[in-house]
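Attaching a predicted model along with its sequence, questions to come.
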Amino acid sequence: MNSNPPNTPTKVYSLSQVTRSIRLALERATANKRWLVRAEIVQINGKLGQRTVYVDLVEESEGRQNAKMRGIIWASAGQRILEELGNEAHQILQPGSEVVFSARIEFHEVYGIALHIEKIELQFMLGELERRKQATIQRLKEAGALEMNRRVPLSQLPQSIALIGSKGTSGFRDFVTKTLGHPGIFRIEVQHFQSSVQGLSAAEELVGAIRSAEAAQPDLIVLVRGGGGKLDLDAYNDFDVCWTIAQSTVPVWTGIGHESDLVVADLVAQKAWKTPTDVAVGLTDLFESASFELEETARELSRLSTTWLQSRRQEIESHWKTVRWVGKHAIGQHRQELQEAINLIRLQGPAVLARKRRELSEWQRRLKQTGQFNLEQTRTELRYIHGRLERSVGHRLETHRTTLAHYARTLKAIGPEETLNRGFMILEREGKPITRVQGIKPGEKLHVQAHDGRLDITVNSATSNPDPS
C-alpha cells in the first residue's frame, strides 16, 4: 500500500544518489577513524608494496562463517607494512593466517564497502600467541606431560628415524643431507612423514604425522622446520601437538629452527635442538661417539692381548727352562739308579737264578704228583656216575615203554575202526569228517562211512540247532 498522501508526487532516487548517501552516512558514523580488526585471510591477490592488494577476510566459529568482508591494501600502505614486518610480511599475510590490523571503513559507489588496511598490528597478534602458549604450558604441567617423553628410553644407536616435516624445505634438506650424507659409514634409515609446518591445518597434520610415525615404531621421531617468525611457529605451541608428543611411546627430538624463544613442543620433547642441522649433528655424534669408543676398545683389547701374550711367552719360557733343568736332573738320577741296579744284578744274578731254578724243579715235581692223584680220583668218580646213569636211563626207558603201550591200547579202542565196529558211522565231505550241521546245504552230496562199506547220500534239507553257547 502506498503511504504517500493523494496527489503527492513520488520521488525516485538514482542509484548514485543512494550510494552517495550511504557513503556520506558511513563517513559521518565512522568519523574516518581507524578500527582494530581480527580476521582470517581466505585469499590475497596482488604484489604487496608495488600495487594494490585485495584481501578476502572471514570470521568463522565451529565451521560456520560469522562475517565476510573485503580488504584493500594500497601500494603506499603495503610499502609501510613491508618495512615494519620485513621478511615475515609474506609469511604473515598468506591464506589461512589470522591477523590483527588497523583499517578504515570506506564505501565506494562502484566497488562497495571495504576495509582499507593501513597497518598490521603485530603486538596484538604476538600477545594473543603468547597467552595461548602460556595456557598450553600450564595445561601440560597440570597433566604432568613435560617429563613423559623424557622417560621413554632411547636406543643407544637410533638407526630407524621417522622424519616429520615438509619435504623440500631447507630444514628438511639440511637434516637429510647431514645424516644420509655423513662421511662415516653409519646405517641410518630415514622415513618421511609429510606435514605442513604452518597455517591453519598445520597442527592437525602434525598430530596425524606423529601418530603415523609412532605406529611405524622407529627408534626416534624427529620434527624439523627451517625457522620462521613467532607467528609461523604457532603450530608447535598447539596443545594437541604437544600432548601427542608427550604421550608418544617413541622418543621425540625437535629441531624447529628458532634462535631465541622455545616453542612448547621443545618443552615436551625428549630433546630439543635449535636447528634441523643441530638435530642431525646430535644424531650422528651418537654414532661417532660409539665408533670412537669401539675403536678405543679395540685398541685397548689389542694392547691387553699383546701384554697377555708377552706375559704368557715369558711364563712358558720360564717353565721350559725349569722343565729342561728338572728333566736333565731326573734323567741323571735315573741313569745312576739304573746303573746301580745293573751292578746289583751282575753281582746277585747267578745266585738268584740258581735259586729260582731249584724252586721251579720243586714245583714241577709237586704238580706231577698232584696231577696223577687228581686224575685217578676223577676216573673213579666217572665210573660211579656212569653206573648211575645206566641204571637211571634203563628205568626211564621201561617206564616210557609201559606208558606208550597203554596209549596204543587206548588209541586202538577209541580209533575210527573200533568206533565203526561199535555201530557208529562217519559223515564225510570230500574225504573230510563233518561234525556240524551248520554249513551243509540242501542238494549237497555227502558220504557216510560204515565198518562194512560207504554210502553216497544227497541232502534234502539241513536244520541246525541253536548255538548252545
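Arrived safely. Numbering: from 1, shown residues only.

so Glu147 sits in a strand?
No. If the criterion is DSSP: H, G, I helix; E, B strand; the rest coil, then Glu147 is coil and not within a strand.

just the strands in the protein please.
Using DSSP state E, the strands of the chain run over residues 34-45, 53-61, 64-73, 98-108, 112-120, 160-165, 189-194, 220-224, 252-255, 271-273, 426-429, 432-433, 445-450, 453-458.

Serialize those to a markdown table and add fields for distance to Arg313, mean neighbour count and mean pLDDT.
To be clear about C-beta, it is placed using only N, CA and C from the backbone, and glycine gets the same treatment. Formatted as a markdown table, those follow (distance: least, CB to CB, whole Å; neighbours: other CB atoms under 10 Å; pLDDT from 0 to 100):
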| stretch | distance to Arg313 | mean neighbour count | mean pLDDT |
| --- | --- | --- | --- |
| strand 34-45 | 83 | 15 | 87 |
| strand 53-61 | 86 | 16 | 89 |
| strand 64-73 | 89 | 14 | 90 |
| strand 98-108 | 80 | 18 | 86 |
| strand 112-120 | 83 | 18 | 87 |
| strand 160-165 | 47 | 24 | 91 |
| strand 189-194 | 47 | 16 | 90 |
| strand 220-224 | 48 | 27 | 93 |
| strand 252-255 | 51 | 27 | 92 |
| strand 271-273 | 50 | 19 | 89 |
| strand 426-429 | 103 | 14 | 86 |
| strand 432-433 | 99 | 8 | 86 |
| strand 445-450 | 108 | 14 | 87 |
| strand 453-458 | 112 | 10 | 88 |
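
what's the closest of those to Ser464?
Of all the strands of the chain, strand 426-429 sits nearest to Ser464, with 13.7 Å by CB to CB.

and that closest one, which strands flank it?
Strand 426-429 has the following sheet partners, assigned by DSSP bridges: strand 432-433 (antiparallel), strand 445-450 (antiparallel).

Distance to Val222 for these - can I get that in CSV?
Converted to CSV, the strands paired with strand 426-429 look like this (distance: least, CB to CB, whole Å):
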stretch, distance to Val222
strand 432-433, 101
strand 445-450, 107
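
separation between Leu294 and Trp308?
Leu294 sits 20 Å away from Trp308, going by CB to CB, to the nearest Å.

of all the strands paired with strand 426-429, which lies closest to Tyr384?
Closest among these, using CB to CB: strand 432-433, at 55.6 Å.

Need the contact partners of the closest one.
Strand 432-433 is contacted from outside by Ile426, Leu427, using CB atoms under 8 Å, 6 or more residues apart in numbering.

Ok, stretch 460-469 next?
Arg436, Val437, Gln438, Ile440, Lys441, Pro442.

What mean pLDDT does it get?
The average pLDDT within stretch 460-469 is 73.

and if you look at stretch 256-267?
Per-region confidence: stretch 256-267 scores 76 on mean pLDDT.

oh, and call the first residue 193 from now on, that's how I've got it
Taking 193 as the first residue, the last one we looked at is stretch 448-459.
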